[in-house]
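Q: Could you work out the structure for the sequence below:
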Amino acid sequence: MTDEKTKRVFLAIDLPDDIKAQLIAIQDKLKFLLEDVRWTRPEGIHLTLKFFGNIVDKDIVRISEVVERHTKNERPMALHGEKVGAFPNFQRPRVLWLGLNGDIERLSVLQKAIENDLDRYGYKKEKRGFKPHLTLGRAKSSRGIILGLPEAIKREDTYKAGRFDSYGLTLFESKLKPGGAVYAKLAYFPFGG
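A: Below you'll find the model as predicted:
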């Protein structure tokens, strides 16, 4: 029996550079108001549709076939980020995020269709419902405490990222390094083939 090397893989929408710059500006505003947050590096912010964990190359081939089947008939999607939120909630915020609006219903239908198809091949569905978001940071404390959050939320009208169009989905490999994860694009699936 051979030991196949695994890759840590996820499916996401990659963000344009100008949106990443706006996310940096939002993080900079929040840094003045919040404590005890480990901020996400801008290059690490994606709109994740499905996290696969550690998989082998033959899994990547099967996943790619499923994703391509679903993206070939899609049209580009207009999205925009606004309104800060927290998982699981503002009382115990473990993850701080920016919500998304725009073609969210179409995106959710696409995500669900891909996940249902993948479930037939043994890739388990996520128990939590799909909530499109961009992770800005995580609480440093395992107790989920972010000091200053109530005051920051009152200024929510200042936390907006511009509108952008998504033209496809990207399969990423996440390589864990001492300085944080590094992402490599494995495949791109354009909407409309």
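Q: Which neighbouring elements make contact with the lowest-mean-pLDDT helix or strand in the chain?
A: Within the chain, no helix or strand scores below helix 149-153, which has a mean of 81 by mean pLDDT, DSSP states H and E. Under the contact criterion of 3 or more Cβ pairs under 8 Å, 6 or more residues apart in numbering; DSSP states H and E, helix 149-153 touches strand 77-87. Glycine gets a C-beta too; all of them are placed from N, C-alpha and C.
Q: Alpha carbons of the strand it packs on, in CSV - could you do that?
A: What follows is strand 77-87 as a C-alpha-only set of coordinates in CSV (Å, rounded to 0.1, in the frame of the first residue of the first chain):
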residue,chain,number,x,y,z
MET,A,77,-22.1,37.2,-9.8
ALA,A,78,-22.1,40.7,-8.4
LEU,A,79,-21.2,40.8,-4.7
HIS,A,80,-20.3,43.5,-2.1
GLY,A,81,-19.2,43.4,1.5
GLU,A,82,-20.9,45.2,4.3
LYS,A,83,-21.8,44.9,7.9
VAL,A,84,-19.5,43.3,10.5
GLY,A,85,-20.7,40.1,12.1
ALA,A,86,-19.4,37.4,14.5
PHE,A,87,-19.5,33.7,14.8
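Q: Give the buried residues for the least confident helix or strand of the chain.
A: Of the residues in helix 149-153, those buried by neighbour count under the rule 16 or more other Cβ atoms under 10 Å are Leu149, Ala152, Ile153.
Q: Distance to Lys140 added to those residues, as CSV?
A: Listed next are those as CSV, based on distance: Cβ to Cβ, whole Å:
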residue, distance to Lys140
Leu149, 13
Ala152, 16
Ile153, 19
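Q: tell me the angle the top helix by length along the chain makes with strand 77-87.
A: Secondary structure of the chain per DSSP state H: the longest helix is helix 104-120. Orientation of helix 104-120 against strand 77-87 (axes from the mean of the first three to the mean of the last three Cα atoms, to 10 degrees) gives an angle of 80 degrees.
Q: now could you export just the CA positions of helix 104-120 as CSV?
A: The C-alpha coordinates for helix 104-120 follow below in CSV (Å, rounded to 0.1, in the frame of the first residue of the first chain):
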residue,chain,number,x,y,z
ILE,A,104,-26.1,35.8,-2.5
GLU,A,105,-29.2,33.7,-3.3
ARG,A,106,-27.7,32.5,-6.6
LEU,A,107,-24.4,31.9,-4.9
SER,A,108,-26.1,29.9,-2.1
VAL,A,109,-28.0,27.8,-4.7
LEU,A,110,-24.7,27.0,-6.5
GLN,A,111,-22.9,26.2,-3.2
LYS,A,112,-25.7,23.9,-2.1
ALA,A,113,-25.8,22.1,-5.5
ILE,A,114,-22.1,21.5,-5.4
GLU,A,115,-22.2,20.3,-1.9
ASN,A,116,-25.1,17.9,-2.6
ASP,A,117,-23.3,16.5,-5.6
LEU,A,118,-20.0,16.1,-3.6
ASP,A,119,-21.9,14.4,-0.8
ARG,A,120,-22.8,11.6,-3.2
